[in-house]
Every structure is written in structure tokens, then in C-alpha cells.
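Peer 1: fold the following for me, if possible:
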Amino acid sequence: MNITLVFPNLAKFPSWFVKYHILPKNPFPPAPPLGLLLVAAFVENQGHKVRVIDNCIEELDHRDLVKEILRTDPKVVAFHTTSLTYPNVRTYLEFIKEENNDIFTVVGGPLATFYPDRIVENPNVDFVIRNEGEITFSELVKSLENGGNINTIKGLSFKKENKIVHNEQRPFIEDLDSLPFPARHLIDISKYPRRELFFDAYPTDAVSTSRGCPYDCRFCSSTRYMFCRTYRFRSAGNVVDEIELLKEKYGTKGLYFREDIFTVNKKRLFAICDEMIKRKIDLPWLCESRVDTVSKDKLKKMKAAGCKAIWFGCESGSQRVLDYINKEITVSQIEDTFKWCKEVGIITGAAFIVGFPGETVEDINKTIELAKRIRSNYSWIRIYIGSPRSPLYDEVIEKKYYRQDCKWEGLVAVETPDLSLETIVKSRNKIEKEFTKITFKRVLSDIFVMHEPPILVMKNLLNLVKYLVDTQV
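Peer 2: Numbering: from 1, shown residues only. Predicted structure coming up:
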């Protein structure tokens, strides 16, 4: 069966998104859609002919993308979707059904999981896949090909006699080693930047070694709906097998462990580090983490295995705000972690969010002061936008802490009696300027205090300029 999987590009944002610069330019360059490539690999291994179109890279307009989708006469077309892409997906679905109503259309991804009723009631959607897609999608394809019973496919939603049907929830995949590696051969990897902010290794590629997060931050949708606070991970041997494949087949020179928390399980983290050292992987890498999941001995082990940088979700410099969003970390933990990273020689990135309900100007000033103290190599800040189905989102909707004129595809711009949206935006802009000052001072301090070689000084300055350009609003 011919199958086409589509990773859509971002939709045109509403005027208020643009006016208030809700989404600053992301410091993370576009990367291959690993989740979609895993689904592709799964069904390809079952003998189906699979195409993957990443329109974040192709950047085709609506009609041209649909023309490209239909070019190989697919029987099934599936889309990954989020709040930021669904307006485009909705149009693609309409155009596809206009051209060929016999094509089976499938929608999966976060938005489909959060709002399956809303998606499946679209007359141009045949099926919705909730949560993890590999097994559900493969069973659906098999059923469509052989005339099987779709009523028994767990994790599937569809319409039957004008009524919406949600089949039983599918259990999460426990053995991630049983999944094939992402089908990177189905995309033109040369079209991707394959570069990361923290080091000059080219090409750098992403690897995902786990799924889910055991924590319960109130602003996050993943914990309650997408993965339900499960945390599952691949074995060290399986992870390093994929890394060796990347080196041999794709010439990978750097790695980004792109997942919620790479460092949460110490035993597994050390096993991966030891396996990388044992096999002489010798590649620089970075990951994302929480400050309460690292220690100085962990950082030393990671450094020995090639870790160059870590992004930390700090969120706020106010302990009151951290407690309110249930981050389960302390300001002192943030300070200690960044101190350890500097002592060990690991580059740091600090991510912050401003505009939580109940946050005050005093809280925001504490974030600025924390940033000054930790002197992170890079900092990134965004405005809090209510994320569908998260606990904090439900509170925002219940208390009407949002602008009535700033709602879009489930997203809302937060405004409370304590902080207007305009004040939040001004605060974000103020913090960005402070971040720039802090970063420049840190680089200059390192130059004159640490007496770095001239070539390294120049490299640091060039990286700084690139960072400022990449993260500009």
C-alpha cells in the first residue's frame, strides 16, 4: 500500500501573535521529524511503500503540497498536527478530499490527542490516532488493506453512522528497543541545517532515547495527556547502535539528545556514557535536563563521554512562581547546577518563561537577578501561552485569565489582574535586553579573566553573534 506521511509547516499566525511577538525566533534550527520517521520505519518494515514530506523544509504552498502528496497516488495520507500547524492541515485535508475522496486521511500528534473529538468531526478526516502512533497506525493500515475490523484497534478514533467513536486507549509501548530506528533514508537529510547553537560540529543530528516525563509541571500538556507521566527509555546498547549508524551512514559529527529529560535515570545515563566511551564514539553532544536531575559526579561522567552543553528549564527566578507551577526545584538548585557546569566545563543554556498567572513584576525582576547570578552561556525566554489540556491551562480558562481577542486553535494569551498582556510583553523585552548584556559581559569576562587563546575568543564571539541573530524577536 502507498502511504504518505506529512509533517506540516507552521500556519500563518494571527495578528496578535505578530503584534506581541508571542513566539520569538527559536534558537533550535529545523531538524528531521523523528517521531514521524519512527512511524514511517514501523510501517515500512511491514512491507508498505512509504513517503515522508517535511514541509518545514520543502515550504510548499497549500496547492503545491497537495499536488506533491497526490503525485504517487497514496491510499493513506497521515498528518502530524499541533495547534501551530492545524490551520494548514485543515486546508490540506479539504484539498485532498476534493481531488480524491477515496484517499484515507489520518491525523495524529499532540492536538489530535488533546482534542480527538474536534479533529475527527472534521468531514475531511477519516481517522484520528491518539498518543503514540506506531502500532495504532500500522494496525489501521493493515485493516484498511485487508478489510479488517477497525473497532478493535486501540488508540483509534473515527466516525461511524455520524457518531464519533473512540476505541479503547492503547497502552504505552514499554520496550522502546523493539522499535526500528527512524527512517532517515526517506528524507533528504542534506536539506537540513544539521547545526546546533553550542558547538561547531557539522553535521550534528538529533537522537531520541526516551519518552515521557515523570514530573508534573502545571504548564505542561505532555504529562497529563500525551504520555501521562510515564517515563520509558531505550537501553544503552540500542542507543549507541543508532549513534554508530549515524556516524557510518550519515557522517554525523555531533549529537543532540532531543527529549524531555536525558539525565533523569542515573544508572541508564552512566550506561550510555560508558558505552559511548567503550566504543570510542568521540562525538560532542548536548541534551536537555532539569537542575534537580544532575549532580557534579553526573556532569563529570557526561563530560568524559563528550557532553559539551546542556539546556536547563529554569522557568523563573522566583521561588514563589516555581512552587506555583509545581516545578519541584529551588532557586538554589538552579544556582548550584550552573556553578557545577562551569567548574566541570560544560556550556549551559537557561530557558525561562514569563507571564504565568499570578506572576508579578517583582517575580520577573527576580528572574533577571537569577540570570545575572548564574551567568549562563545562553538564555532564552518566551511568554507563557496557555497550552491545551495542561492543569494551568484549565485554571486559566476557568478563571478567564486570558484576552478574549487573543485566542487561536486552543491557544490563549494570558492576562490577569496582576499583569496585563502589554506589561508581560514589555517585561519579556526587558529581560531579553538584560540577557544580551549578561551574555556580553560573560564573554568579555572569560576573555580577560581566563586568558583564552585568540582563536577561541574569536569563535566565542562569532557564536554569540549567531545566537543573538537566531533568537531575535
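Peer 1: hang on, isn't Leu283 packed against Lys247?
Peer 2: Yes: Leu283 lies in contact with Lys247 (Cβ atoms under 8 Å); the separation is 7.3 Å. (C-beta placed from N, C-alpha, C; glycine too.)
Peer 1: sec struct for Phe440, please.
Peer 2: Secondary structure state of Phe440, per DSSP: H, G, I helix; E, B strand; the rest coil, is helix.
Peer 1: per-residue confidence for it?
Peer 2: pLDDT recorded at Phe440 is 72.
Peer 1: so what's the residue count around it?
Peer 2: Using other Cβ atoms under 10 Å as the criterion, Phe440 is surrounded by 13 other residues.
Peer 1: show me this structure divided up by domain.
Peer 2: 2-166, 194-470 (automatic domain parsing).
Peer 1: tell me which stretches of the stretch 101-250 of the chain form strands.
Peer 2: Using DSSP state E, counting those that start in this stretch, the strands assigned to the stretch 101-250 of the chain run over residues 104-108, 127-129, 156-160, 163-166, 204-207, 210-212, 231-233.
Peer 1: need the winner for burial among those strands.
Peer 2: strand 127-129 (a mean of 27; mean count of other Cβ atoms under 10 Å).
Peer 1: in this protein, where is pLDDT below threshold?
Peer 2: Under the criterion pLDDT under 70, the flagged ranges of the chain are 24-28, 223-225, 442-473.
Peer 1: so Leu5 sits in a strand?
Peer 2: Yes: counting by three-state DSSP, Leu5 is part of a strand.
Peer 1: how much space between it and Gln333?
Peer 2: Counting by Cβ to Cβ, to the nearest Å, the gap from Leu5 to Gln333 is 41 Å.
Peer 1: which of the two has more neighbours?
Peer 2: Taking other Cβ under 10 Å, Leu5 and Gln333 do not tie; Leu5 has more neighbours (28 against 17).
Peer 1: that one against Ala78, yeah?
Peer 2: Yes: in terms of Cβ under 8 Å, Leu5 counts as a neighbour of Ala78; the distance is 5.1 Å.
Peer 1: identify the contacts common to these two.
Peer 2: The contact sets of Leu5 and Ala78 overlap at Val39 (Cβ atoms under 8 Å, 6 or more residues apart in numbering).
Peer 1: now for the nearest residue to Pro123 once chain neighbours are set aside: which residues touch it?
Peer 2: Ranked by Cβ to Cβ, 6 or more residues apart in numbering and with sequence neighbours excluded, the top spatial neighbour of Pro123 is Lys97, at 7.9 Å. By Cβ under 8 Å, 6+ apart, the residues touching Lys97 are 103, 105, 123-124.
Peer 1: and the residues you listed as TSV, adding distance to Cys314?
Peer 2: Shown next, in TSV, are the contacts of Lys97 (distance: Cβ to Cβ, whole Å):
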residue	distance to Cys314
Ile103	46
Thr105	41
Pro123	45
Asn124	42
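Peer 1: just the buried subset of the residues you listed, written out for ChimeraX, thanks.
Peer 2: Buried residues within the contacts of Lys97, by 16 or more other Cβ atoms under 10 Å, are selected in ChimeraX with:
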select :103,105,124
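Peer 1: sorry, back to before: pipe the strands of the stretch 101-250 of the chain into a markdown table and attach distance to Asp274 per row.
Peer 2: Formatted as a markdown table, the strands of the stretch 101-250 of the chain follow (distance: least, Cβ to Cβ, whole Å):
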| stretch | distance to Asp274 |
| --- | --- |
| strand 104-108 | 36 |
| strand 127-129 | 37 |
| strand 156-160 | 41 |
| strand 163-166 | 44 |
| strand 204-207 | 17 |
| strand 210-212 | 17 |
| strand 231-233 | 15 |
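Peer 1: wait, Phe219 touches Ser387, no?
Peer 2: Yes: using Cβ under 8 Å as the test, Phe219 is close enough to Ser387 to be in contact (6.3 Å).
Peer 1: more neighbours: the two, which one.
Peer 2: Counted by other Cβ under 10 Å, Phe219 and Ser387 do not tie: Phe219 has more neighbours, with 22 against 19.
Peer 1: distance check, that one against Leu392.
Peer 2: As judged by Cβ to Cβ, Phe219 and Leu392 stand 5 Å apart.
Peer 1: overlap in contacts of the two?
Peer 2: Here Phe219 and Leu392 have 325, 356 as joint contacts, going by Cβ under 8 Å, 6+ apart.
Peer 1: how near is the closest residue to Pro388 other than its chain neighbours to Glu315?
Peer 2: Computed as Cβ to Cβ, 6+ apart, the closest residue to Pro388 that is not its neighbour in sequence is Gly410, at 4.1 Å. Gly410 is 22 Å from Glu315, where distance means Cβ to Cβ.
Peer 1: okay, those two: which has more neighbours?
Peer 2: The residue with more neighbours, out of Gly410 and Glu315, is Glu315; 23 against 18, by other Cβ under 10 Å.
Peer 1: and for that one, nearest residue in space, chain neighbours not counted?
Peer 2: Leaving out its chain neighbours, the residue that sits closest to Glu315 by Cβ to Cβ, 6+ apart is Ile353, at 5.1 Å.
Peer 1: next one: whichever helix or strand that neighbour is part of to chain centre, how far?
Peer 2: Assigned by DSSP states H and E, Ile353 belongs to strand 347-354. How far strand 347-354 lies from its chain's middle: 15 Å, per Cα atoms, centre = their mean, to the nearest Å.
Peer 1: next SSE after that strand?
Peer 2: Using DSSP H and E, the helix or strand that follows strand 347-354 in sequence is helix 361-374.
Peer 1: parallel or antiparallel, which strands does the next helix or strand after that next one pair with?
Peer 2: Next along the chain after helix 361-374, taking DSSP H and E as the criterion, comes strand 378-383. Sheet pairing of strand 378-383 (DSSP bridges) gives strand 347-354 (parallel).
Peer 1: what's the angle from the partner strand to helix 361-374?
Peer 2: With axes from the mean of the first three to the mean of the last three Cα atoms, to 10 degrees applied, the angle from strand 347-354 to helix 361-374 works out at 180 degrees.
Peer 1: contacts for strand 347-354, please.
Peer 2: Residues from elsewhere that reach strand 347-354 (Cβ under 8 Å, 6+ apart): 27, 197-199, 219, 286, 308-317, 338, 341-342, 364, 367, 371, 374, 376-384, 424, 427-428, 431.
Peer 1: run the last query once more with 6 Å
Peer 2: 198, 308-309, 311-315, 338, 341, 364, 367, 376-382, 384, 427-428 (Cβ atoms under 6 Å, 6 or more residues apart in numbering).
Peer 1: please apply the same query to stretch 328-335.
Peer 2: Stretch 328-335 is contacted from outside by 291-292, 314, 319, 374, using Cβ under 6 Å, 6+ apart.
Peer 1: mind redoing it with 7 Å?
Peer 2: By Cβ atoms under 7 Å, 6 or more residues apart in numbering, the surrounding residues in contact with stretch 328-335 are 215, 290-292, 314, 317, 319, 322, 370, 373-374.
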